[in-house]
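> Fold the following.
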Amino acid sequence: MEVSNIISETNDARTFELKPLDGWKPEYQAGQFVTLVFNTRHGEKRRSYSISSSPLLNEPLAITIKKIDNGEFSRLLVYHTKPGDILYSSGIGGFFLLPKDTNAVKQYFFLAAGSGITPCYGMIKTILAKSNSMVVLIYSNRTEADTIFYNQLQRLNAVYPERLIIHYLFSNLLDVYRSRLGNWLLHEFLNKYLQDEHHAKFYVCGPFDYMHMVGLGLAARIPAENIHKENFSSLPRLFIPRPPDTDEHKVTIHFSGQEFIIPVQYPATILAAAKAKGIQLPFSCEAGRCGSCATTCTKGKIWMAYNEVLTNDEVEAGRALICQSFPVGGDVIIEF
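As a prediction, the model looks like this:
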């Protein structure tokens, strides 16, 4: 993809408009992410970045990236990338999605902190333009100057004053009602705006501690199937639990019109075994957090060490994350 335009959002955040090359015509939904591939002296590395554009509004494909302290690639992208540069991607993925019929949900809540606004922004634009639903955004940052899309959100609020409610929380303010989101303030917002907990959708994105706090707060009164989370931590898992079966089994992989048959045995996951054989499969975080490597097990049984993406219903239907998966009880077949 060619970087066609760069928009400075804050001192340390940029939006990159991307022009797909080589005949690639990507299809995506608001809330998904692009996985970028970097070739380093230590081998190939991948990072996923949220899409901030809305395809239903005919906007150019765009990702928004905030510089992370000591970030291996975010600093390179934010401070050194320029229009005309070429980026490489393994594709688009993600399960942080709106319902197919946005009008079917009358109320959407977005809880975002920092760059967690990125996938939410595309979804908010889509809801406002393509439905009659109400949107409530609770958005946490250090200061107004650090707030990505602040001006754009203000303009949206002016266009949709009856359907878009925004509360900005700035941690530099000495005001408990306007500084940090905690469990008490979260429930104050719910008491004020929530119309029906069974017919509202919640989308949460931000740092781990923020998402953990919000998740616990929402779980007390919101059905689990109505809460959606997005997590892009690239930290590896420090411990791999032992599956109930550590014997070697054959895994048949159907991907992109090809079939691969490989042996897999703990502690190597299906993804690790495929990479060792030089098989190129979709992946990004390798920690069970992003969903890039999601597949469907059509025969046999798969055991997952970690899963922060798939719902219980999806797992029961055979969906699995191969970066955390091991065949148990015999050979398996998976399809992408």
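
> can you give me the helices in the stretch 201-336 of the chain?
With DSSP state H, counting those that start in this stretch applied, the stretch 201-336 of the chain shows helices at 208-219, 270-276, 312-316, listed in chain order.

> and I165, which of those helices is closest to it?
Distance to I165, taken as Cβ to Cβ, is lowest for helix 208-219 among the helices of the stretch 201-336 of the chain, at 17.2 Å. C-beta here means a position set from N, CA and C on the backbone, and glycine is covered the same way.

> And the closest one, what's buried?
Within helix 208-219, the residues that count as buried by 16 or more other Cβ atoms under 10 Å are Y210, M211, M213, V214, G215, G217, L218.

> could you measure the fifth one against E230, distance?
As defined by Cβ to Cβ, to the nearest Å, G215 lies at a distance of 12 Å from E230.

> mind showing which ranges of this structure have poor pLDDT?
Applying pLDDT under 70 to the chain flags residues 232-236.

> okay, which residue is most central for it?
Closest to where the C-alpha atoms of the chain average out (Cα atoms, centre = their mean) is E230, at 4.1 Å.

> That one against S48, yeah?
No. Taking Cβ atoms under 8 Å as the definition, E230 is not a contact partner of S48, at 9.8 Å.

> what sits in contact with each of the two?
Here E230 and S48 have G94 as joint contacts, going by Cβ atoms under 8 Å, 6 or more residues apart in numbering.

> bridging residues for the closest residue to G318 other than its chain neighbours?
Once flanking residues are discounted, G318 sits nearest to C297: 4.5 Å by Cβ to Cβ, 6 or more residues apart in numbering. Residues in a beta bridge with C297, per DSSP bridges, are I334.

> Report the contact partners of F283.
Counted by Cβ under 8 Å, 6+ apart, F283 has contacts R46, S90, L271, S292, C293, I322, C323.

> Return the residues in contact with the fourth one.
Looking back up the chat, that one is S292. Applying Cβ under 8 Å, 6+ apart to S292 gives the contacts T35, R46, S48, S90, G91, G93, G94, P282, F283, S284, C285.

> excluding its backbone neighbours, what's nearest K125?
Closest to K125 by Cβ to Cβ, 6+ apart is S54, at 4.6 Å.

> what about the one you found, neighbour count?
Neighbours of S54 under the rule other Cβ atoms under 10 Å: 23.

> Check N39 too.
If you count neighbours by other Cβ under 10 Å, N39 ends up with 9.

> and it, that's in a helix?
No. Checked against DSSP: H, G, I helix; E, B strand; the rest coil, N39 lies outside a helix; its state is strand.

> who does the residue nearest to the centre of the chain bridge with?
With DSSP bridges as the rule, E230 is bridged to C205.

> quick check: angle from the helix or strand hosting S140 to helix 208-219?
For S140, the element it lies in under DSSP states H and E is strand 134-141. Taking axes from the mean of the first three to the mean of the last three Cα atoms, to 10 degrees, one finds strand 134-141 and helix 208-219 inclined to each other by 150 degrees.
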